[in-house]
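Enquirer: Next come a sequence and a model predicted from it.
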Amino acid sequence: MKTKRTIQQMMLTVGLLLSLSACKKNPAGDPPVIPPAEVKMMSFTDLKVLSTADEVKVPDAKKIKGVVISDLSGKNLDNKTIVLQEADNQPGIVIGFDAAQTFAVGDQLEVNISGQKLQKQNGEIVLSQVPAANAKKTGTGAIAGRTTTAAEAIKNAALWNGTLVSLGEGALSGGNGKYSGVLNFDDKSAGLKSMVLAGAAFENTTYPASVGSIKGILRTRGKDVFLDIRTAKDVATGSISRLLSDEMYVTSKVDKDMTFGYGDFETRTMNYSQGGSMVYIPGDKFDGDMLTKDRAYVYLMSGAGDPSSAYFDAGPSIDLKGIKEITVTFAGSKMTGDAIIADYYSVPPFDPSKDVFKISIGILSYASFPAATEFKEAGKFYTVKFKIPSREELIKGEAGSVQVIDNWLAAPIIMIRNESTRAASSQGNAPIIIKQIVYGF
């Protein structure tokens, strides 16, 4: 009897439990709660592969990790934007947040990009309007930057966009010598641009006369490739500390048509000694599409085909002591015709299959340092740079006695000479225009 009662009690208990369980069921039939999916790390390469339209949505449960290479302190990027690089020599990406952020260069971040906008903006792939709360600092790191050339940076602009890049020796130009607006940086391989935003911490400060190295973030704006520095510390000063520039339009008396050069001549800032076949010609006479109408320019008429050639000397009335390099901007004139100057000088058409434009400089017994490149297009300006040999190099090259070399170094005189060719010219005429000379000290 006791056993029977025990069984009855057990059955009653089970029934009660089943009843209570039934009471807890959701009468609406809602599905059970599913735990959130694990947010998985995504490589920058895989992320950018998703960019198949102007705007795509990143899949759910995705995050990226990298090191901040932009520098908030330099203010050369708006405070809602950072540039994150995955690792050294790995891809980078520009991230725009929905609010200002305070991440510093070197911060290591994890950014939840689930469902975020991946956009194509002016030639770049960027993450846009990411909630600022989605980025978390997880530590610190360092990106050394890829050492390369301007030409390689341009060639690989799409692949290296948003990464830290370091270039070697070169020169900045633009901005009237100051960090302002869009500047240009040129090394021996090519040139690219550099943007300085209004309000940047270093805006309107003077940049170096020459650059030993420059580091920045590679960006693309339309068809142009930019190397944007973060602070002025990204630019290391080169060996040239001072530049002296002459725009090379003649201020000596010049007739309305043209004037032959005899003896010394004056430009806007300097005096020169003339030699060989040279003419001062108003800008609109033969090359008006690239010269200023109301100015007269130095035309070196004869080229390498004429033994007398055409040249002039810089130095007799210019203090060139300490000069380390000279940069010349010149163009091949589009002048052609029979007896076109003084009823004598004839200039046949330029033939790019046979003819070249070229200049050289002369120092002491070094008769000529020809430019390394021969140019094949008339009516286009080219810039060439010549390094001036050191005292040791001049002595080793037997440019003269030690006394002669020391005297020259104390008061240098440099010949600028036309080395162009014109195969069809019996007179050796291959006129070039000297547009600018920049002396580096």
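Expert: Arrived safely.
Enquirer: Quick one: the helices in the stretch 51-200 of the chain, in order.
Expert: Using DSSP state H, counting those that start in this stretch, the helices of the stretch 51-200 of the chain run over residues 150-155, 157-160.
Enquirer: Does Leu300 touch Gly275 like I think?
Expert: No. Leu300 is not in contact with Gly275 according to CB atoms under 8 Å; the separation is 9.9 Å. From N, CA and C alone the C-beta is placed, and that goes for glycine too.
Enquirer: These two: which has the busier surroundings?
Expert: Leu300 (29 against 18; other CB atoms under 10 Å).
Enquirer: so who does that one touch?
Expert: Leu300 makes contact with 276-278, 310-312, 417-418, 431-432, 434 under the criterion CB atoms under 8 Å, 6 or more residues apart in numbering.
Enquirer: Might you specify the subset of those residues located within strands?
Expert: 276, 278, 310-312, 417-418, 431-432, 434 (DSSP state E).
Enquirer: From Ala53, how far off is Ser277?
Expert: Distance, Ser277 to Ala53, by CB to CB, to the nearest Å: 62 Å.
Enquirer: For Ile361, grab the count of nearby residues.
Expert: 20.
Enquirer: Bridge partners for it, pull those for me.
Expert: Per DSSP bridges, the residues bridged to Ile361 are Phe369, Ile416.
Enquirer: Tell me the predicted confidence for it.
Expert: Looking at Ile361, its pLDDT is 92.
Enquirer: these two touch, right, Pro348 and Gly428?
Expert: No. Between Pro348 and Gly428 there is no contact under CB under 8 Å: 11.0 Å.
Enquirer: where does Asp338 land in three-state SS?
Expert: Here Asp338 is strand, with the state taken from DSSP: H, G, I helix; E, B strand; the rest coil.
Enquirer: mind listing what it touches?
Expert: Ser346.
Enquirer: Could you do the one 10 residues further on as well?
Expert: Shown in contact with Pro348 (CB under 8 Å, 6+ apart): 336, 422, 424-425.
Enquirer: Please report how far it lies from Ser425.
Expert: 5 Å.
Enquirer: Flag the shaky bits of the stretch 151-300 of the chain, pLDDT-wise.
Expert: Residue ranges of the stretch 151-300 of the chain with pLDDT under 70: 253-256, 261-262.
Enquirer: Domain map for this structure?
Expert: Using automatic domain parsing, the domain ranges for the chain come out as 40-140, 146-238, 244-440.
Enquirer: quick revisit: and the helices of the stretch 51-200 of the chain, which is most packed in?
Expert: Ranked by mean neighbour count under mean count of other CB atoms under 10 Å, those are led by helix 150-155, which reaches a mean of 18.
Enquirer: And that one, how far out from the chain middle?
Expert: 9 Å (CA atoms, centre = their mean, to the nearest Å).
Enquirer: what sits up against it?
Expert: 160, 165, 167, 170, 185-187, 189-192, 218, 225, 227.
Enquirer: can you rerun that using 6 Å?
Expert: 165, 167, 187, 189-190, 192, 218, 225 (CB atoms under 6 Å, 6 or more residues apart in numbering).
Enquirer: ok, back up a step: quick one: which of the contacts of Pro348 is the most crowded by neighbours?
Expert: Neighbour tally across the contacts of Pro348 (other CB under 10 Å): the maximum, 27 neighbours, falls on Arg422.
Enquirer: What residues does that residue make contact with?
Expert: 355, 430.
Enquirer: So it versus Glu377, what's the distance?
Expert: 14 Å.
Enquirer: isn't Met248 right up against Ile432?
Expert: No. In this structure, Met248 is not within contact of Ile432 by CB atoms under 6 Å, at 11.7 Å.
Enquirer: what ranges do the strands span in the stretch 151-300 of the chain?
Expert: Using DSSP state E, counting those that start in this stretch, the strands of the stretch 151-300 of the chain run over 164-167, 171-173, 181-186, 191-196, 211-221, 224-228, 235-237, 243-246, 249-250, 259-260, 264-266, 271-276, 278-282, 296-302.
Enquirer: ok, and which of those strands has the densest surroundings?
Expert: Buried most deeply of these, by mean count of other CB under 10 Å, is strand 296-302, with a mean of 26.
Enquirer: if we can go back for a sec, the helices of the stretch 51-200 of the chain: which one's closest to Pro282?
Expert: For Pro282, the closest of the helices of the stretch 51-200 of the chain is helix 150-155, at 36.2 Å, according to CB to CB.
Enquirer: Could I get the CA-only coordinates of that closest one as PDB?
Expert: Below are the C-alpha coordinates for helix 150-155, written out as PDB (Å, rounded to 0.1, in the frame of the first residue of the first chain):
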ATOM      1  CA  ALA A 150      58.300  58.200 -57.400                       C
ATOM      2  CA  ALA A 151      58.000  56.200 -60.700                       C
ATOM      3  CA  GLU A 152      57.300  52.900 -58.800                       C
ATOM      4  CA  ALA A 153      54.800  54.600 -56.500                       C
ATOM      5  CA  ILE A 154      52.900  55.900 -59.500                       C
ATOM      6  CA  LYS A 155      53.000  52.500 -61.200                       C
END
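Enquirer: so who does the residue nearest the centre of the chain touch?
Expert: The C-alpha lying nearest the average C-alpha coordinate of the chain belongs to Leu192 (CA atoms, centre = their mean; 2.5 Å). Residues counted as contacts of Leu192 (CB under 6 Å, 6+ apart) are 150, 185, 225, 227.
Enquirer: any idea how far Phe185 is from the first one?
Expert: Plainly put, Ala150 is 7 Å away from Phe185 if you go by CB to CB.
Enquirer: try the last one
Expert: Leu227 sits 6 Å away from Phe185 when distances are taken as CB to CB.
Enquirer: Can you pull the residues that touch both of these two?
Expert: Shared contacts of Leu227 and Phe185, defined by CB under 6 Å, 6+ apart, comprise 192, 194.
Enquirer: Using JSON lines, lay out the contacts of helix 150-155 together with distance to Ala209.
Expert: Shown next, in JSON lines, are these (distance: CB to CB, whole Å):
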{"residue": "Val165", "distance to Ala209": "22"}
{"residue": "Leu167", "distance to Ala209": "17"}
{"residue": "Asp187", "distance to Ala209": "15"}
{"residue": "Ser189", "distance to Ala209": "20"}
{"residue": "Ala190", "distance to Ala209": "21"}
{"residue": "Leu192", "distance to Ala209": "19"}
{"residue": "Leu218", "distance to Ala209": "25"}
{"residue": "Val225", "distance to Ala209": "24"}
